[in-house]
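A.B. asks: Predicted model and sequence below, questions to follow.
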Amino acid sequence: MFVLNAGSRELQLVEGDITKIAVDAIVNAANSHLAGGGGVDGAIHAAGGPEIMSELSAIRQRIGRCPAGGAVATNAGRLPAKFVFHAVGPIYGDGKAGEAAQLESCYRTCLNMAAERKIETISFPSISTGAYGYPFHDASLIALQTVMAWLKAHAGPVSVVKLVQFSASDHRVYCNLARKIQSSLASGASS
Ligand code: AR6
């Protein structure tokens, strides 16, 4: 695990299966139909059980689609969490169709949802970097920078944010970027 400190709060980089890590809220990488799918979405529904999909079906009837950049909350079924926040990441095209802003919005929206619910711990997968094709390095940088900026700007209950990578090589990418952010924070602090 690698830790970046934001005051008394922590951004943790963790390698593993997000469905096995206990937190207050687990973020899912969902689709705009909130219909379930493969990847981390499939793993979350498989581990959490059918309660999550029945709540999503009710939400779908109420709101229709959830746009990219947005998220909706459900219970967490059998997962080791209180909530699942189903975030809809952008489908990556050429990078010029607002994908970066939508990806940033996923992280910010879920962090705001955590704060509204007075949640202390939240975990994120690397949204949009599987089926949705977002270049991994770019998406990782957005995740790290957006979470760090949010933690610095918001005092309150959210004290641990875990960014979870599913493979050792993905974890290394995050750790290398985090080290660069850490040294730029250190040189900023001393100047
Ligand atoms: N724990 C942590 N990370 C995981 C896990 C896991 N159990 N499983 C996969 N990942 P993806 P997307 C990583 O494709 O790109 C679905 O069908 C994976 O290695 O799950 O946002 C939805 O329904 C990758 O880095 O999500 C949508 O239709 C990251 O999670 C669509 O895929 C995201 O990969 C969303 O695509």
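C.D. replies: Alright, I've got the coordinates. All of these numbers come straight from a predicted model, not from anything done at the bench. Numbering: from 1, shown residues only.

A.B. asks: Which strands or helices does the longest helix along the chain pack on?
C.D. replies: If you go by DSSP state H, the chain has its longest helix at helix 168-190. Packed against helix 168-190, as judged by 3 or more C-beta pairs under 8 Å, 6 or more residues apart in numbering; DSSP states H and E, are the following elements: strand 2-6, strand 9-15, helix 136-153, strand 160-165. In short, each C-beta sits where N, CA and C put it, glycine included.

A.B. asks: what about it, distance to the chain center?
C.D. replies: With C-alpha atoms, centre = their mean, to the nearest Å as the basis, helix 168-190 stands 18 Å off its chain's centre.

A.B. asks: could you check the angle strand 2-6 makes with the least confident helix or strand in the chain by mean pLDDT?
C.D. replies: None of the helices or strands of the chain scores lower by mean pLDDT, DSSP states H and E than helix 168-190, at a mean of 89. On the basis of axes from the mean of the first three to the mean of the last three C-alpha atoms, to 10 degrees, helix 168-190 is oriented at 30 degrees to strand 2-6.

A.B. asks: Flag every residue of the chain that's near the ligand.
C.D. replies: Proximity of the chain to the ligand, by C-beta under 6 Å from any ligand atom, involves residues 17-19, 29-31, 37-41, 43, 89, 125-132, 164, 166, 170.

A.B. asks: quick one, phi psi at the residue most central in space within the chain?
C.D. replies: Among the residues of the chain, the one closest to the centroid is residue 124, at 2.9 Å (C-alpha atoms, centre = their mean). Main-chain dihedrals, residue 124, degrees, to the nearest 10: phi -120, psi 140.

A.B. asks: Ignoring the adjacent residues along the chain, who's closest to it?
C.D. replies: With C-beta to C-beta, 6 or more residues apart in numbering as the criterion, residue 124 has its nearest non-adjacent residue at 4.5 Å, and that residue is residue 27.

A.B. asks: one step back: please tabulate the helices and strands packed on helix 168-190 in CSV, including the columns mean neighbour count.
C.D. replies: Below are the helices and strands packed on helix 168-190 laid out as CSV (neighbours: other C-beta atoms under 10 Å):
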stretch, mean neighbour count
strand 2-6, 16
strand 9-15, 19
helix 136-153, 19
strand 160-165, 23
